[in-house]
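**Student:** Sharing a sequence plus its predicted fold:
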Amino acid sequence: MKREIVSTSIILILLFVLIETSGCLTLRVAYVPDEFLTDGWHEDKGEEETGSSYFGIEKWAIKVYKRGDSSLTVASLKTIIMIDKENLLERVENDIFSAAERYGISLDETSEIKGERWLLNGHNSLFVIYNGSKGYRHYKFIGEVWSCSKSGISVICMGLADITEIDGLQSWEKMVGDPSGIIDGITRDDALIYNVNCH
C-alpha cells in the first residue's frame, strides 16, 4: 500500500515537472501596446502583479494603465484547461462589484449592459458595463473578456472612469471605443481594450 502511494506521488511530481518544463504553461502576458498609450494614459508598473498557484499549474499577470482617476487592468490567466468566456464574464462582474464596494461607489444594477464585439486581435469578446455614483460623482465600469487559443491565455479587462467631468469622459472613450462604435457609439480605432495584444 505504501509503495503504491509513493509510486503515485512520484508520478504526480514527474507530471508537474514535465508540464512546467514543457512550455505548455508559459505565460504570455496581454498588454496595451505603447503606441496606444496617448492622451495621458500610461502604464503603472508599481501596481502590476504576477503569481502562480497549484504548484505552478495556474499562472497570472496583471498590467495596470492609468489616466487621472481612470484605470484599466489587463489580466492574463493561464491554466491547463482554458476558462470559457461566460465564466470569465462572471469573474469580472464579481471584480466590478468588489471594486465598487472598495471605493464606496454605489452601482446601479439596472444600468447593466451586456454585449459582444470583435477586437483588432481577431477575438470575439464579451463585455458588461455598469453605471455607478458616489455623492455627485458619476462612474462607468467595464469588464471585457476573451480567450486566446494562440497563446493559451484567458484575458480579463476591467476599467473604471469617473465621467463627472470632460477628462473622465475622454478617458472612458479612449478605454472602450472601437471603429464600429459598439460601446456608447464611441468610434475610434486607437482605443485601449480594442487594441490589447495577447498573442
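**Tutor:** Right, received. Where do you want to start?
**Student:** And the strands in the chain?
**Tutor:** Here the chain has its strands, by DSSP state E, at 42-43, 49-53, 58-67, 70-78, 106-118, 124-134, 137-148, 153-162.
**Student:** Any regions of this structure where pLDDT drops low?
**Tutor:** Along the chain, the parts satisfying pLDDT under 70 run over 1-25, 52-57.
**Student:** can you rerun that using 90?
**Tutor:** 1-28, 48-58, 60, 79-83, 149, 151, 199 (pLDDT under 90).
**Student:** quick revisit: quick check: which of the strands of the chain is buried the most?
**Tutor:** For these, ranked by mean neighbour count under the definition mean count of other C-beta atoms under 10 Å, the leader is strand 153-162 at a mean of 24. For every residue, glycine as well, the C-beta is placed using N, CA and C.
**Student:** elements contacting that one?
**Tutor:** strand 70-78, helix 85-103, strand 137-148, helix 166-176 (3 or more C-beta pairs under 8 Å, 6 or more residues apart in numbering; DSSP states H and E).
**Student:** between it and strand 58-67, how many degrees?
**Tutor:** When axes from the mean of the first three to the mean of the last three C-alpha atoms, to 10 degrees is applied, the directions of strand 153-162 and strand 58-67 differ by 30 degrees.
**Student:** Just the CA trace of strand 153-162, in PDB.
**Tutor:** What follows is strand 153-162, C-alpha atoms only, in PDB (Å, rounded to 0.1, in the frame of the first residue of the first chain):
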ATOM      1  CA  ILE A 153      -4.400  32.500 -22.100                       C
ATOM      2  CA  SER A 154      -7.700  34.000 -20.800                       C
ATOM      3  CA  VAL A 155      -7.800  37.800 -20.800                       C
ATOM      4  CA  ILE A 156      -9.800  39.800 -18.300                       C
ATOM      5  CA  CYS A 157     -10.000  43.600 -18.700                       C
ATOM      6  CA  MET A 158     -11.600  45.800 -16.100                       C
ATOM      7  CA  GLY A 159     -11.900  49.600 -16.500                       C
ATOM      8  CA  LEU A 160     -13.200  52.400 -14.300                       C
ATOM      9  CA  ALA A 161     -13.700  56.000 -15.200                       C
ATOM     10  CA  ASP A 162     -15.100  59.000 -13.300                       C
END
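**Student:** report the angle between the axes of it and helix 85-103?
**Tutor:** 30 degrees.
**Student:** got the angle between strand 153-162 and strand 124-134?
**Tutor:** 30 degrees.
**Student:** I'd like the strands of the chain laid out as TSV, including distance to residue 192.
**Tutor:** Listed next are these as TSV, based on distance: least, C-beta to C-beta, whole Å:
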stretch	distance to residue 192
strand 42-43	11
strand 49-53	19
strand 58-67	7
strand 70-78	6
strand 106-118	14
strand 124-134	13
strand 137-148	10
strand 153-162	8
